[in-house]
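In: generate a structure from the sequence data that follows.
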Amino acid sequence: MSSQPKSSKKVILTSGAPQPIGPYSQAIRVGDLVFCSGQIGLDPTTGVVVSPEVETQTRRVMENLKAVLVEAGLCFDCVVKTTIFLKSMNDFPKVNEVYGSYFKSNPPARSTVEVSRLPKDVLVEIEAVAVGVATDQ
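Out: Residues are numbered from 1 along each chain as shown. As a prediction, this is how the structure comes out:
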């Protein structure tokens, strides 16, 4: 059985994104990889869903992800993979438009799936994987 060095896993936590409401972290850094948990359209201050509109929720999701990435010393250019979970594929064009505004060139690999239900009955959730050396290393 192999053991990992204690310093290989670092929890990323910021007040700029909603606080975890369960046994998970906003993100985990392992070496040069940062695994961001799925973000939904919650206001980080109030913990309330920002709007019933998918565009507004998507914008908030992206801002929440941005806050987590910044806390990890990274940015959207460092994102190599995202997964988008949609309540309805009918919202795909609207989500895609907002999402695309955050990845103007060289967008990451991506999967998009329709799911039956998301936390707090939101319309969209997005998770990300990023790569880059932390600014604090």
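
In: switch to C-alpha atoms for all contacts and neighbour counts from now on
Out: Noted.

In: contacts for the helix of greatest length in the chain?
Out: In the chain, assigned by DSSP state H, the helix with the most residues is helix 54-71. For helix 54-71, contacts defined as Cα atoms under 8 Å, 6 or more residues apart in numbering pick out 12-14, 16-18, 26-27, 36, 39-44, 49-51, 75-76, 91, 94-95, 98-99, 102, 122-128.

In: the helix or strand that that helix is followed by vs helix 54-71, what angle?
Out: Counting by DSSP states H and E, the next helix or strand C-terminal to helix 54-71 is strand 79-86. Here the directions of strand 79-86 and helix 54-71 differ by 150 degrees (axes from the mean of the first three to the mean of the last three Cα atoms, to 10 degrees).

In: tell me the helices in this structure, going along the chain?
Out: Ranges of helices within the chain are 54-71, 92-100, based on DSSP H.

In: returning to that earlier point: what about the longest helix of the chain, average pLDDT?
Out: Averaging pLDDT along helix 54-71 gives 98.

In: in CSV: the helices of the chain, plus distance to residue 82 and mean neighbour count.
Out: Listed next are the helices of the chain as CSV, based on distance: least, Cα to Cα, whole Å; neighbours: other Cα atoms under 10 Å:
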stretch, distance to residue 82, mean neighbour count
helix 54-71, 11, 22
helix 92-100, 10, 16
